[in-house]
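Participant: sequence? don't have it. structure:
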């Protein structure tokens with residue numbers, strides 16, 4: 001699902017758009033079948049659990065997106081509404097990450113390390129800035145190019161003052 005959503009781009013060929021639309025239809029159908037089976041198995045408890053209710057809303061919004069796509073086949077305003085519905089499907093990944101313990105510990109480690117690296121990054125940025133200023137002071141107007149040929153002009157050349 002995520003790969004299909006990521007493959008959409010500007011200037012897409014009609015054939016590839018058809019492939020993406022077919023994949024979108026299949027994933028939406030899978031979401032709907034999953035929702036129906038879970039709904040039958042869990043009953044009313046399906047909508048009381050926040051996680052499964054969220055999945056149900058995503059499945060219904062995906063079906064609504066397909067319906068809107070069929071109604072407004074011309075594009076325009078309907079296209080932006082469909083993109084908004086598709087973005088809701090990506091939020092399912094966040095729920096999956098929440099339950100995936102190894103990813104959760106990896107993200108914890110990265111967040112702790114990023115706070116330790118912050119001071120180093122500020123110091124490195126300051127150092128780069130100082131050396132950039134030194135380079136500008138030392139080499140400003142030292143390298144000039146001939147406007148016609150594009151080759152560098154030597155500083156001892158009389159054309160140096162007129163070069164770009």
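Facilitator: Okay, I see it. All values reported here derive from a predicted model rather than from experimental measurement.

Participant: which stretches of this structure have low pLDDT?
Facilitator: Across the chain, residues meeting the criterion (pLDDT under 70) sit at 73-86, 97, 140-142, 159-164.

Participant: and if we set it to 50?
Facilitator: Along the chain, the parts satisfying pLDDT under 50 run over 76, 78.

Participant: Spell out the residue ranges of the helices in it.
Facilitator: With DSSP state H applied, the chain shows helices at 2-6, 14-42, 45-48, 50-71, 77-99, 101-139, listed in chain order.

Participant: Does anything pack onto the first one? Which helices or strands?
Facilitator: So the one you mean is helix 2-6. Judged by 3 or more CB pairs under 8 Å, 6 or more residues apart in numbering; DSSP states H and E, the packing partners of helix 2-6 are helix 14-42, helix 77-99. C-betas here are computed from N, CA, C, even on glycine.

Participant: Tell me which of those sits nearest to residue 155.
Facilitator: helix 14-42 (55.2 Å; CB to CB).

Participant: Counting neighbours, which bits of that closest one end up buried?
Facilitator: For helix 14-42, a neighbour-count test (16 or more other CB atoms under 10 Å) marks 20, 24, 27, 28, 31, 32, 35, 38, 39 as buried.

Participant: And those residues, which is closest to residue 101?
Facilitator: residue 38 (22.9 Å).
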